[in-house]
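> Sequence first, then the predicted structure:
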Amino acid sequence: MTFKLKSMFTLYLCLLSVAPCLHSQESKLRQISYNQKTYPLYPVGLNECPPIPSPWTTEEGVEIIIGITRENKYTLIPVTLENEKLPYGEKLRMKRGEQLKVDGKDFPVLAKTGLHSEIELDQTKAITGKSIAEITSSGRPGGSSGAGFMAHDEDIISMLIGDNRLVKKLGSTHPEIVRPLFHVWNLILEGTEHGVWKNERIHSESILYNHHSIHLKYGGRGWQESIFNDEIQGAYHIEMWRELDQNEKEFLKMKYAHLSEENRADLMKKLSHIHTGEMVPYYAMRYGFYEGHTGYRADPIAIVFIFGLKSIEEIEKAFEGNLYKVLADHFMSSDVYSGGIK
């Protein structure tokens with residue numbers, strides 16, 4: 001979806017209000033210990049990469065990732081998922097929000113298992129008290145935003161079913177797949193709290209994640225309200241991508257030799273690049289919604305690939321030669337129920 005540009009002055013006030021309003025336990029944490037050695041936390045930079053896995057969870061439950069600054073310093077960033085008031089809530093306060101919340105009222109199976117029941121989805125007439133027709137109308141291009149939360153030929157139920165099938169085929173659950181997106185968003189919140197990039201419109205850096213170097217670019221560009229009856233709001237563009245290594249390129253070239261070079265390059269980009277906003281991790285955790293096939297989609301397959309949750313061989317095995325089609329095709333209602341991903 002294209003963010004509705006309301007008032008850049010409002011966004012400016014929001015960013016100014018960030019630092020005094022983050023009071024999580026992590027914000028007070030200044031160092032961690034690993035293998036009997038103590039390391040300072042973000043924003044302190046280290047000259048050498050600490051011998052700590054990224055991501056890594058301490059005995060106290062603090063989730064840590066390793067960041068790489070533009071000055072080529074390494075930094076340990078606390079990015080634990082937690083439940084607070086939602087971001088951009090009362091008095092424009094930015095917090096991590098209810099990052100662990102799942103809509104168990106509408107989707108009890110999702111809340112219990114991390115995956116939807118298609119029978120339950122097929123019977124769903126409303127989500128958060130808002131009708132499926134109203135959500136779909138609001139979510140399509142020209143509804144509540146220009147680009148939309150889904151394509152013209154998609155609806156909210158077809159999207160939930162389609163992505164649920166993707167996640168299930170990957171042998172995962174929505175909470176498992178969405179976790180890296182929350183780690184990225186929590187990194188951004190840490191940066192705003194510490195004033196690391198408050199004077200820049202666009203900020204870029206890298207993180208280490210499951211032995212991959214992932215590039216990030218993010219910045220505030222306006223304001224977008226939710227298509228559901230919830231408190232989720234957005235004001236950021238977030239890009240994340242990583243380079244394919246030579247083995248991954250050769251593997252895809254072999255498996256998809258029938259594709260033109262242009263389509264194979266498009267396949268690699270769809271796998272390795274995401275442009276989205278901070279609403280998506282909340283949507284994906286709460287409803288299993290990663291947005292439709294627009295410029296703001298965070299495809300579950302791309303998340304799994306970029307963040308190294310599965311290897312390219314494991315991803316390909318799940319879709320057996322159909323990876324390009326699965327990444328490119330829209331989740332139209334007829335496709336979801338009579339064909340498409342099974």
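Sure, I can see it. None of the values given here were measured: they were computed from a predicted structure. Numbering: from 1, shown residues only.

> what about Leu323, distance to Pro300?
Leu323 is 13 Å from Pro300, where distance means C-beta to C-beta, to the nearest Å. In short, each C-beta sits where N, CA and C put it, glycine included.

> So these two - more neighbours on which side?
For Leu323 versus Pro300, the count of surrounding residues by other C-beta atoms under 10 Å is larger for Pro300: 25 against 21.

> For the more buried one, what are phi and psi?
Main-chain torsions, Pro300, degrees, to the nearest 10: phi -60, psi -40.

> check contacts around it.
163, 166-167, 170, 172, 177, 290 (C-beta atoms under 8 Å, 6 or more residues apart in numbering).

> are any of those buried, and which?
Neighbour counting by 16 or more other C-beta atoms under 10 Å classes 163, 166-167, 170, 172, 177, 290 among the contacts of Pro300 as buried.

> Pull the number of nearby residues for the residue nearest to Asp153 when sequence neighbours are not counted.
Excluding the flanking residues, the one nearest Asp153 by C-beta to C-beta, 6 or more residues apart in numbering is Met332, at 4.8 Å. Neighbour count for Met332, taken as other C-beta under 10 Å: 20.

> Now do the same for Met332: its pLDDT.
With respect to pLDDT, Met332 scores 91.

> Next one: it from Leu121, what distance?
Distance, Met332 to Leu121, using C-beta to C-beta: 15 Å.

> hang on, Ser206 packs against Glu71?
No: between Ser206 and Glu71 there is no contact under C-beta atoms under 8 Å: 11.7 Å.

> Mind checking which of those two has more residues around it?
More crowded of Ser206 and Glu71, by other C-beta under 10 Å: Ser206, with 18 against 7.

> and the biggest strand by length in the chain, average pLDDT?
Longest strand of the chain, by residue count under DSSP state E: strand 212-225. On average, the pLDDT along strand 212-225 is 89.

> for stretch 241-248, same thing?
Rounded mean pLDDT across stretch 241-248 is 98.

> One more: stretch 76-93?
Across stretch 76-93, pLDDT averages out at 75.
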